[in-house]
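Q: pasting a predicted model and its sequence here:
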Amino acid sequence: ETGVTQTPRHLVMGMTNKKSLKCEQHLGHNAMYWYKQSAKKPLELMFVYNFKEQTENNSVPSRFSPECPNSSHLFLHLHTLQPEDSALYLCASSQSDSPHGSNYGYTFGSGTRLTVV
Amino acid sequence: KQEVTQIPAALSVPEGENLVLNCSFTDSAIYNLQWFRQDPGKGLTSLLLIQSSQREQTSGRLNASLDKSSGRSTLYIAASQPGDSATYLCAVEADAGNMLTFGGGTRLMVKP
């Protein structure tokens, strides 16, 4: 496996369900991200983990809960979602050797298409 | 707050044409700028990364330029092909790091 891998590719869940999205990066990067892509809107940053510490949450509703157990894995736990949360959820990783930014840009996974019914 | 704008929002051209996609950003304090390609329902594929100290980057038929002081970048695609049809996204990383801001994208259709 190379790059950034996301599972599942597609997920349909009811508003009362609890589910988790998984992301794994095989690039040795030290930062991982969750982005949300809704129809007709630019990609929105949800969470950042740098060296396993969450450094940004951008006022995301508490029904989204991230977890980063190590530098290679990132989860997004979902509970009591709303239909408007239906979107493509993208995971990304980057390598930063300074506080200023990534050395080689960001690598994205293929995304999880989430539908809330 | 950084804002990134891409023009045009959609573009349809015949095969073989050279074309230019535009990206502008409001805050010039950026660390780098990255161009991505996204096929329908898929993730993002990185095309070119330009560090803030650089003026341009080239990969095959693609050339991206950066004018940091004026807040602009262009993606030039030479001799377009139907396989180039996709949405092209521009994103800037803030100088403070770990913050990638995206434009709305340009949806490109290249007709055979």
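A: Now that the structure is in, tell me what you want to look at.
Q: which neighbouring elements make contact with the helix or strand bottoming out on mean pLDDT in chain B?
A: The weakest-scoring helix or strand in chain B, judged by mean pLDDT, DSSP states H and E, is strand B:100-102 (a mean of 92). Here strand B:100-102 touches strand B:86-94, going by 3 or more Cβ pairs under 8 Å, 6 or more residues apart in numbering or on different chains; DSSP states H and E. C-beta here means a position set from N, CA and C on the backbone, and glycine is covered the same way.
Q: which residues does the strand it packs on contact?
A: The contact list for strand B:86-94, computed with Cβ atoms under 8 Å, 6 or more residues apart in numbering or on different chains, reads A:43, A:101-102, A:106, B:2, B:4, B:6, B:21, B:23, B:25, B:27, B:29-40, B:44, B:47, B:73, B:75, B:99-103, B:105-108.
Q: could you pick out the buried ones from these?
A: A:43, A:101-102, A:106, B:2, B:4, B:6, B:21, B:23, B:25, B:30-38, B:44, B:47, B:73, B:75, B:99-103, B:105-108 (16 or more other Cβ atoms under 10 Å in any protein chain shown).
Q: give me the subset of these lying in helices.
A: Using DSSP state H, no member of the buried ones among the contacts of strand B:86-94 sits in helices.
Q: just the ones of these in strands?
A: B:4, B:6, B:21, B:23, B:25, B:30-38, B:44, B:47, B:73, B:75, B:100-102, B:106-108 (DSSP state E).
Q: and B:T87, how many neighbours does it have?
A: 19 (other Cβ atoms under 10 Å in any protein chain shown).
Q: pull the distance from stretch B:60-68 to the chain's centre.
A: Relative to its chain's centre, stretch B:60-68 lies at 8 Å (Cα atoms, centre = their mean, to the nearest Å).
Q: where's the closest residue to chain A within chain B relative to B:L100, distance?
A: Across chain B, the shortest distance to chain A (Cβ to the nearest Cβ) belongs to B:Y31, at 3.0 Å. Distance of B:Y31 to B:L100, given as Cβ to Cβ, to the nearest Å: 10 Å.
Q: again, but for A:H79
A: Applying Cβ to Cβ to A:H79 and B:L100 gives a distance of 27 Å.
Q: with A:G111 instead?
A: According to Cβ to Cβ, A:G111 and B:L100 sit 15 Å apart.
Q: kindly report the same for A:Y35.
A: For A:Y35, the distance to B:L100 - Cβ to Cβ - is 8 Å.
Q: quick check: neighbours shared by the two?
A: Shared contacts of A:Y35 and B:L100 (Cβ under 8 Å, 6+ apart): A:L45, A:A92.
Q: list the contacts of the spatially closest residue to A:A87 that is not a sequence neighbour.
A: Excluding the flanking residues, the one nearest A:A87 by Cβ to Cβ, 6 or more residues apart in numbering or on different chains is A:S38, at 4.5 Å. Applying Cβ under 8 Å, 6+ apart to A:S38 gives the contacts A:E44, A:S86, A:A87, A:L88.
Q: how about low-confidence regions in chain B?
A: Within chain B, the segments meeting pLDDT under 70 span B:97.
Q: and it, which of its residues are near chain A?
A: Residues of chain B lying close to chain A by Cβ under 8 Å from any Cβ of the partner chain are B:4, B:31-32, B:34, B:36, B:41-46, B:49, B:89, B:91, B:93-105.
Q: at 6 Å instead, please
A: Taking Cβ under 6 Å from any Cβ of the partner chain, the part of chain B that reaches chain A is made up of B:31-32, B:34, B:42-44, B:46, B:49, B:93, B:95, B:97-98, B:100, B:102, B:104.
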